[in-house]
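J.: any chance you could fold what I've pasted below:
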Amino acid sequence: MRRINHRTQGDSTARGGGSPSDARTPLNPRTVILGSLLGLMGYIAVRLFLQTAHNQPMGLDFSCFWAGARVALDHPARLYDFDYVTHQQAWLIGARHMRPFIYPPSSLPVFLPFAALSYWPAYALWVALTGALFLFAALRAGARWWIIAFPPLAYVAVCGQITFLMGGLIVAGLSLRTRPLLAGVLFGLAGAVKPQLLVLLPVALVADRQWRTIAATAFTAGLLAATTAAVWGVGAWLDWLRAVPRFQQATLAIPSLARTMLTPYATLEQAGIPGAWAWLLVAPAALAVWFVFRRTTRAPERLIALVGATLLIIPYAMNYEMALLTPAVAAFLARSRDRRWPASAVAAPVLGLGFVYCLPALLILLTVLGWAMWPSLSRQSEARGV
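T.: Presented below is the predicted three-dimensional model:
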């Protein structure tokens, strides 16, 4: 028995080049690349947060709906008076350009609890709660905790934008396919706050035959719309419908803001071409969403299709909306054994770093869409678990 053990030990030593304690597991090159990418993006995210906080008040975008909710309580007839709402923020923003409240009345039940607090506690609580929802939904969709290293998320946090809330609701809804009623409630809440981001959701849900989700979505959004119409009057809804095109025109007239938009509509307008030509993308975008939702049930692929295609057809969307795509990109990047992982390792910094270094926003969006959506249209990808 001793000889056998001795021979076995000798053979293993010869094959391994030493004792078992000296064996070393080779480092996976993908792990090295991923660590390097995350380290670089995390460093840039911190710098972006600090630089943005230095150049403008923290929560600059949060102040719009915080002030708007307060105006809705005290002077509801002036809710969509751009100058008046901007003036209510003068203590924070000084003489900066227009900062109106532009969300529909159905969003007010979401904002009112924060308006009950003073500004700084409200801003901190807003970022903490919506950020936690976003992270929870991203993890459910297959991302990892290191999604927090993506620079667009740092920008959303320092500005206090609504993107964490919208991303959390949409991604969570997509990940709850087996709980259709809850998914519908989440989609309904998202639609009540920012309906333009869900214009293609009916196409997606019909393609997936999610009839209960459709009913729950319609009921939730309808209930919020009816409640706010009863409280603030139908006139508030009419004021909002008139305010939206005014806001879009005013924003496109400000070069510094127009350059940060990522929609084809805005790109055409900046080039002196009628943005209406972008409506030609509606049919292809809807068709892409239909095929993706018919051929895969995975939340990351569906998120890329739904949000990415929507950003191609709505007139107005700023560069921070690209944070909505980060859960999908992070989920793809977490699939270390995926044969498409090298492409994911390219797409992640394009989204995460191009956002900071002023690559054209539309180019970033098209790059991420082209990388993610085409394989999703293949029936074989689902079978292989890609």
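J.: where's V46 relative to A317, distance?
T.: 26 Å (CB to CB, to the nearest Å). Where C-beta positions appear, they are placed from N, C-alpha and C, glycine not excepted.
J.: okay, those two: which has more neighbours?
T.: The neighbour count for V46 versus A317, taken as other CB atoms under 10 Å, is higher for A317 (24 against 13).
J.: surely the more buried one is in contact with M261?
T.: Yes. Contact status for A317 versus M261: in contact at 6.5 Å, counting by CB atoms under 8 Å.
J.: ignoring the adjacent residues along the chain, who's closest to I147?
T.: Nearest non-adjacent residue to I147, counting by CB to CB, 6 or more residues apart in numbering: A330, 4.1 Å away.
J.: what secondary structure does that neighbour sit in?
T.: helix (DSSP: H, G, I helix; E, B strand; the rest coil).
J.: touching, T217 and L201? I think so.
T.: Yes. Using CB under 8 Å, T217 makes contact with L201 at a distance of 7.2 Å.
J.: when those two are compared, which one has more neighbours?
T.: T217 (28 against 22).
J.: list the contacts of the more buried one.
T.: Each residue near T217 by CB atoms under 8 Å, 6 or more residues apart in numbering is listed here: 184-185, 187-188, 191, 201, 205.
J.: helix or strand for it, which one?
T.: Applying DSSP states H and E as the criterion places T217 in helix 211-232.
J.: restricting to C-alpha, output the host helix or strand of Y265 in CSV.
T.: Assigned by DSSP H and E, Y265 belongs to helix 264-270. Output of helix 264-270 as CSV, limited to C-alpha atoms (Å, rounded to 0.1, in the frame of the first residue of the first chain):
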residue,chain,number,x,y,z
PRO,A,264,-32.5,60.4,-33.6
TYR,A,265,-35.2,63.0,-33.5
ALA,A,266,-33.0,65.4,-31.6
THR,A,267,-29.9,64.5,-33.7
LEU,A,268,-31.8,65.4,-36.9
GLU,A,269,-33.1,68.7,-35.4
GLN,A,270,-29.6,69.7,-34.5
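J.: just the buried positions in it, please.
T.: 264-269 (16 or more other CB atoms under 10 Å).
J.: helices or strands up against whichever helix or strand comes after that helix?
T.: From helix 264-270 onward toward the C-terminus, using DSSP H and E, the following helix or strand is helix 282-295. On a contact count with 3 or more CB pairs under 8 Å, 6 or more residues apart in numbering; DSSP states H and E, helix 282-295 meets helix 201-207, helix 299-313, helix 361-376, helix 379-384.
J.: now I273: how far from R246?
T.: Applying CB to CB, the value for I273 to R246 is 22 Å.
J.: anything in contact with each of T217 and L201?
T.: The contact sets of T217 and L201 overlap at 187, 191 (CB under 8 Å, 6+ apart).
J.: hmm, back to that, relative to A128, which of the buried residues of helix 264-270 is nearest.
T.: In terms of CB to CB, no member of those lies closer to A128 than A266, at 31.7 Å.
J.: quick one: residues contacting the closest one.
T.: Taking CB under 8 Å, 6+ apart as the criterion, A266 is in contact with 252, 258, 275, 315-317.
J.: make a PyMOL selection of the buried ones in those.
T.: To isolate the buried ones among the contacts of A266 in PyMOL, judged by 16+ other CB under 10 Å, type:
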select buried, resi 252+275+315+316+317
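J.: among the contacts of A266, which ones are in helices?
T.: Taking DSSP state H, the ones among those that sit in helices are 252, 258.
J.: and the pLDDT at T8?
T.: With respect to pLDDT, T8 scores 44.
J.: what of the one 3 residues further on?
T.: The per-residue pLDDT reported for D11 equals 45.
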